[in-house]
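Engineer: I'll drop the sequence and a predicted model, then ask my questions.
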There are 2 protein chains.
Amino acid sequence: MADAAPTATRTPIYLKVRDYLADDIQSGNLPPHTRLPSERVLAESHDTTRVTARLALSQLEAEGKIYRSNRRGWFVSPARLVYNPTYDYSFTDYVSAQGREPRTETLGVDLTAVSSWLAARTGLAPGQSIVHLRRRRYIDGRPVLVENIYLDPARLPGIERFDFNRSLWKLLRERYGVELTQKQIQMYPTALVDPQAEALSVSAGTAGLYVNRLSRDGNGRFIEFDEEFWLHDTLCITVDVNAS
Amino acid sequence: MADAAPTATRTPIYLKVRDYLADDIQSGNLPPHTRLPSERVLAESHDTTRVTARLALSQLEAEGKIYRSNRRGWFVSPARLVYNPTYDYSFTDYVSAQGREPRTETLGVDLTAVSSWLAARTGLAPGQSIVHLRRRRYIDGRPVLVENIYLDPARLPGIERFDFNRSLWKLLRERYGVELTQKQIQMYPTALVDPQAEALSVSAGTAGLYVNRLSRDGNGRFIEFDEEFWLHDTLCITVDVNAS
DNA sequence: TTGCTCATCTGGTATAGACCAGTTTTTCAG
DNA sequence: CTGAAAAACTGGTCTATACCAGATGAGCAA
């Protein structure tokens, strides 16, 4: 007889908490970058436990509506950056054009050997020297991606000495007269794991988007291979196609 | 003095369990669609609790290495489908070409009115009649996406009476002589929530990839708008660009 | 063989704590 | 006022347990 009560309330608690917060975000009560109440406060105010509150928060994180900052709290995600990987606009141009503030940080430049994986993807000879550039990029002060860029020093002599905190494509165009006319892009959602997760100050397993791009010049010659690891909530990819 | 022990073991338990399973998958010990040991067994064999075992499993799920089947267990993910949304190949062709078995299921066809959101995206008049088609698609028996397709009955008379379990694009080409020459594609990672999550038999919050595609004919006239909700571990998107 | 029941297995949801490691704020000595 | 130390707070990881609901398979009845 205890279960004679109406079974209408079949919605799990964590989904109610999720929807409660989602409404607050949707309505504009919680603008982007606002900090949410702490897990303990959320749990108490919904009369539940931290584990359940975290379930709700993880749901919103998976939807891209909130993000976490290590041991600082949960924050409302800003709008996604609209990003068209087929265009030759630089990250800086994109971000600025959408009213946001871009920043690029070079994490390291070194000369390394082409791995067998990279060789298979690019057609370069395994073991040949290649310039490896690592960068971290920010939008409005939040790190949103890290990337590995591979450039052929034989094709681009002296490339390792430039300032990589600015647009690489502009550099290629202006200093080397290179136009990137053929691109092969691959991308898929996956979790960020450790070298990248740490570089973005997120915990391992945070949802991400992996994008790589192989660029050649008009003669089909290798110019650049770029691997980007994005936080999954930061971008919306667009592609326009006009078939012949 | 208790902490005089070497602090080498700073790796959380759930990451060890994750790596243990990842190795087993990587090495081929656990081929695609194999069921993993149950959470209770995993917890016991790693001398920990179910909560921690679930953390490890969630990590692998986020990476796309395993998937869950509602209350049946955790399974090894098969390879991602390579999918090029700019090409005119049908889902059926893609999947077959990669040695997998496609299946398409029509969930419903109805005549509805163009919503303001759809109008803004497509340029159609708000309120005008439109054919709404819902389908679910499978790879090797696993449901991997649900989609909403909107077609203009004025442009495609009688469209609602065809068999949608086959390729829509072939139908458009063969019965209506329509070629889809302009496409605008948007996509971003997000969680699957309820109408879609339920249709795919996954729990709300499962990671997904949202893709939409607006197609026009050679004259720029609206033909189709398609919204796809994919399980995030099922595909790898590729795009080729040849700039002029 | 077919179809049903039922026990058993699975993951899904939830409670109630605990300690740790960073971050932020407060406090207080100088 | 300044700067360093301490306290208070945050999420991160973890234990131990409970009950529920859907999936599965064994066993049995027709």
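Structural biologist: Here it is on my side, so go on.

Engineer: Which elements pack onto the helix-or-strand element of chain A with minimal mean pLDDT?
Structural biologist: Sorted by mean pLDDT, DSSP states H and E, the helices and strands of chain A end with helix A:168-176, the least confident at a mean of 79. Counting contacts by 3 or more CB pairs under 8 Å, 6 or more residues apart in numbering or on different chains; DSSP states H and E, helix A:168-176 is packed against strand A:222-231. For glycine as for every other residue, the C-beta is placed from the backbone atoms N, C-alpha and C.

Engineer: So A:Gly218 is in contact with A:Glu179, correct?
Structural biologist: Yes: the pair A:Gly218 / A:Glu179 is scored as a contact, 6.4 Å apart, by CB atoms under 8 Å.

Engineer: more crowded one of these two?
Structural biologist: More neighbours surround A:Glu179 than the other of A:Gly218 and A:Glu179, with 15 against 12 (other CB atoms under 10 Å in any protein chain shown).

Engineer: Please look at the more buried one and A:Asp217 and confirm they touch.
Structural biologist: Yes: judged on CB under 8 Å, A:Glu179 makes contact with A:Asp217 at a distance of 6.3 Å.

Engineer: ok, for A:Ser38, nearest residue in space, not its chain neighbours?
Structural biologist: A:Gly73 (6.4 Å; CB to CB, 6 or more residues apart in numbering or on different chains).

Engineer: so the one you found touches A:Arg40, yeah?
Structural biologist: No: the pair A:Gly73 / A:Arg40 is not scored as a contact, 11.2 Å apart, by CB under 8 Å.

Engineer: what residues does chain A put near DNA strand C?
Structural biologist: Residues of chain A that fall close to DNA strand C, judged by CB under 7 Å from any atom of the strand: A:12-15, A:47-52, A:55, A:70-72.

Engineer: Go through those residues and name the one nearest A:Thr86.
Structural biologist: A:Asn70 (34.0 Å; CB to CB).

Engineer: Now do the shared contacts for A:Gly218 and A:Glu179.
Structural biologist: The contact sets of A:Gly218 and A:Glu179 do not overlap (CB atoms under 8 Å, 6 or more residues apart in numbering or on different chains).

Engineer: need the contact list for the nearest residue to A:Ala79 once chain neighbours are set aside.
Structural biologist: Nearest in space to A:Ala79, with sequence neighbours left out and distances taken as CB to CB, 6+ apart, is A:Pro32 at 7.2 Å. Contact analysis of A:Pro32 by CB under 8 Å, 6+ apart lists A:Val76, A:Ser77, A:Pro78, A:Ala79.

Engineer: Only whichever of those residues are buried, select them in ChimeraX.
Structural biologist: Burial among the contacts of A:Pro32 is assessed by 16 or more other CB atoms under 10 Å in any protein chain shown; the matching ChimeraX selection reads:
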select /A:76,77,78
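
Engineer: on that earlier part again, what is the burial count for the residue nearest to A:Ser38?
Structural biologist: A:Gly73 has 13 neighbouring residues, counting by other CB under 10 Å.

Engineer: With A:His46 instead?
Structural biologist: Number of residues near A:His46 (other CB under 10 Å) recorded here: 17.

Engineer: One more: A:Ile223?
Structural biologist: The burial count for A:Ile223: 22, using other CB under 10 Å.

Engineer: what about it, distance to DNA strand C?
Structural biologist: 38 Å (CB to the nearest atom of the strand, to the nearest Å).

Engineer: Not counting its neighbours along the chain, what's nearest that residue?
Structural biologist: A:Ser215 is the one closest to A:Ile223 (CB to CB, 6+ apart), at 4.9 Å.

Engineer: pretty sure A:Leu21 contacts A:Gln59?
Structural biologist: No: the criterion here is CB under 8 Å, and A:Leu21 misses it with A:Gln59 at 9.2 Å.

Engineer: Hmm, A:Arg103 is touching A:Arg142, no?
Structural biologist: No: the criterion here is CB under 8 Å, and A:Arg103 misses it with A:Arg142 at 9.7 Å.

Engineer: Between these two, which has more neighbouring residues?
Structural biologist: Between A:Arg103 and A:Arg142, A:Arg142 has the larger neighbour count (other CB under 10 Å), namely 19 against 16.

Engineer: beta partners for that one?
Structural biologist: A:Ile139 (DSSP bridges).

Engineer: who's in contact with the spatially closest residue to A:Ala43 that is not a sequence neighbour?
Structural biologist: Excluding the flanking residues, the one nearest A:Ala43 by CB to CB, 6+ apart is A:Ala53, at 4.1 Å. Counting by CB under 8 Å, 6+ apart, A:Ala53 touches A:Tyr14, A:Val17, A:Glu39, A:Arg40, A:Leu42, A:Ala43, A:His46.

Engineer: how near is A:Ala53 to chain B?
Structural biologist: Separation of A:Ala53 from chain B (CB to the nearest CB, to the nearest Å) stands at 14 Å.

Engineer: three-state assignment of that residue?
Structural biologist: Following DSSP: H, G, I helix; E, B strand; the rest coil, A:Ala53 is assigned to helix.

Engineer: Which stretches in chain A count as helices?
Structural biologist: Counting by DSSP state H, residue ranges of the helices within chain A are A:13-26, A:39-45, A:50-63, A:91-97, A:116-122, A:168-176, A:194-199.

Engineer: which one of those helices has the most crowded surroundings?
Structural biologist: helix A:50-63 (a mean of 21; mean count of other CB atoms under 10 Å in any protein chain shown).

Engineer: residue contacts, A:His33?
Structural biologist: A:Phe75, A:Val76, A:Pro78, A:Asp140.

Engineer: Could you dump those into a markdown table with distance to DNA strand D added?
Structural biologist: A markdown table is the format used below for these (distance: CB to the nearest atom of the strand, whole Å):
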| residue | distance to DNA strand D |
| --- | --- |
| A:Phe75 | 9 |
| A:Val76 | 13 |
| A:Pro78 | 18 |
| A:Asp140 | 20 |
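
Engineer: related to what we said a few turns ago, now pLDDT too, for the contacts of A:Pro32, in TSV please.
Structural biologist: Output for the contacts of A:Pro32, formatted as TSV (pLDDT from 0 to 100):
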residue	pLDDT
A:Val76	96
A:Ser77	95
A:Pro78	95
A:Ala79	94
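
Engineer: Could I get the phi/psi values of the residue lying closest to A:Ser90 once chain neighbours are set aside?
Structural biologist: Leaving aside its chain neighbours, A:Ser90 sits nearest to A:Ser167 (3.8 Å; criterion: CB to CB, 6+ apart). Phi and psi for A:Ser167, reported as degrees, to the nearest 10, are phi -70, psi 120.

Engineer: Low-confidence bits of chain A, can you list those?
Structural biologist: A:1-9, A:164, A:244 (pLDDT under 70).

Engineer: Tell me the residues of it that contact DNA strand D?
Structural biologist: Within chain A, the positions adjacent to DNA strand D are A:36, A:38-41, A:50-51, A:54, A:68, A:70-74, A:203-204 by CB under 7 Å from any atom of the strand.

Engineer: at 6 Å instead, please
Structural biologist: Counting by CB under 6 Å from any atom of the strand, the residues of chain A close to DNA strand D are A:Ser38, A:Glu39, A:Arg40, A:Val41, A:Val51, A:Arg68, A:Asn70, A:Arg71, A:Gly73, A:Trp74, A:Ser203.

Engineer: pretty sure the first one contacts A:Arg68?
Structural biologist: No: checked against CB under 8 Å, the pair A:Ser38 and A:Arg68 is beyond contact range at 11.6 Å.

Engineer: So for these two, which sits in the more crowded spot?
Structural biologist: A:Arg68 (17 against 13).
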